[in-house]
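Student: coordinates for the following, if possible.
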Amino acid sequence: MCRVTSRIAALAIDAVNPRVVAEFWCAALGWTVVGTDPDGLTIGPADGAWPTIDVFAVPERKSVKNRLHLDLRADGGSTADELRRLLDLGARRVDVGQGPDVSWVVLADPEGNEFCLLSRTVQEVLSAP
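Tutor: Here you go, the predicted structure:
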């Protein structure tokens, strides 16, 4: 039997303006700022659950596609409604070569960090056999 020795504690996002990026992700995920330091902010669920997201300042703007990204699912509403909500929060659609026939939507946060909105909602996944 394999002994588990690590757990994801936090994901990190680099940002020229950490406050703007943190506010976007707080609104998108329903999270809050749970810590600050001179270089950035930590956001997470209000109940203190893991993982959190650290948003830290860097001097350069993002210039290439992310090698790691978040996949989101609508929770408590339709995927179409969630897409509209994310766009209203400041996300924008992006093309990373995904093609026209994919079942997800590729978006980017206010500084261009890509993420996907998956087609099936949390409730659809949980109720599937």
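Student: other SSEs contacting the helix or strand containing Asp54?
Tutor: Per DSSP states H and E: Asp54 is located in strand 52-57. Secondary-structure packing of strand 52-57 (3 or more Cβ pairs under 8 Å, 6 or more residues apart in numbering; DSSP states H and E): strand 10-15, helix 18-29, strand 40-44. Where C-beta positions appear, they are placed from N, C-alpha and C, glycine not excepted.
Student: as PDB, could you dump the C-alpha coordinates of it?
Tutor: The C-alpha trace of strand 52-57 is given here as PDB (Å, rounded to 0.1, in the frame of the first residue of the first chain):
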ATOM      1  CA  THR A  52      -6.200  28.000  -1.400                       C
ATOM      2  CA  ILE A  53      -5.000  30.200  -4.200                       C
ATOM      3  CA  ASP A  54      -2.000  32.500  -3.700                       C
ATOM      4  CA  VAL A  55      -2.000  35.500  -6.000                       C
ATOM      5  CA  PHE A  56       1.500  37.100  -6.000                       C
ATOM      6  CA  ALA A  57       3.000  40.100  -7.700                       C
END
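Student: what ranges do the helices span in the chain?
Tutor: Here the chain has its helices, by DSSP state H, at 18-29, 79-89, 122-127.
Student: pick the most buried one from those.
Tutor: Mean neighbour count (mean count of other Cβ atoms under 10 Å) peaks for helix 18-29 among these, with a mean of 19.
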